[in-house]
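K.L.:
fold the following for me, if possible:
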Amino acid sequence: QVQLVESGGGLVQAGGSLRLSCAASGVPFSGYNMGWFRQAPGNEREFVSLIAWSGATVSYADSVKGRFTISRDNAKNTVSLQMNNLKPEDTAVYYCAATTGWSPQQATYRHWGQGTQVTVSS
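P.N.:
A predicted model of the protein is given here:
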């Protein structure tokens, strides 16, 4: 059974940092590119970041470029998202997802976690 479990969300003041983690089980983790998405209240879920199976290639949404860093540890089956200089507009539920493709399009992602809430206060 495939399972992706996010952790690390919480409440932080603007300008602060959080580190999200996603633990994978039931999948050949190193065979998947891993992405992070987020969904704010009243908004559609949007792409945040993507990392290749090797970790050698990454992609970011323009809104988080320079502030967020994605990484992965294939030995531990985890992918992380370091979020610095957080802004109130970063408030959302953050999801990790697994894909065999290379795309920000949600439809290409096969497996999803349940999400973790990030709230940034002003």
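K.L.:
quick check, central residue of the chain?
P.N.:
The centre of the chain sits closest to Trp36, judged by CA atoms, centre = their mean, with a distance of 2.5 Å.
K.L.:
mind listing the strands for the protein?
P.N.:
Here the chain has its strands, by DSSP state E, at 3-7, 10-13, 18-25, 33-39, 46-51, 58-60, 68-73, 78-83, 92-99, 109-112, 116-121.
K.L.:
quick one: strands adjacent to the first one?
P.N.:
If you go by DSSP bridges, strand 3-7 pairs up with strand 18-25 (antiparallel).
K.L.:
I'd like to know how many residues surround Asn77.
P.N.:
17 (other CB atoms under 10 Å). Bear in mind the C-beta positions are built from the backbone N, C-alpha and C, glycine included.
K.L.:
relative to Val64, how far out is it?
P.N.:
24 Å (CB to CB, to the nearest Å).
K.L.:
still on that earlier bit, now render the strands of the chain as JSON lines, adding mean pLDDT.
P.N.:
Listed next are the strands of the chain as JSON lines, based on pLDDT from 0 to 100:
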{"stretch": "strand 3-7", "mean pLDDT": "97"}
{"stretch": "strand 10-13", "mean pLDDT": "98"}
{"stretch": "strand 18-25", "mean pLDDT": "97"}
{"stretch": "strand 33-39", "mean pLDDT": "98"}
{"stretch": "strand 46-51", "mean pLDDT": "98"}
{"stretch": "strand 58-60", "mean pLDDT": "98"}
{"stretch": "strand 68-73", "mean pLDDT": "98"}
{"stretch": "strand 78-83", "mean pLDDT": "98"}
{"stretch": "strand 92-99", "mean pLDDT": "97"}
{"stretch": "strand 109-112", "mean pLDDT": "95"}
{"stretch": "strand 116-121", "mean pLDDT": "98"}
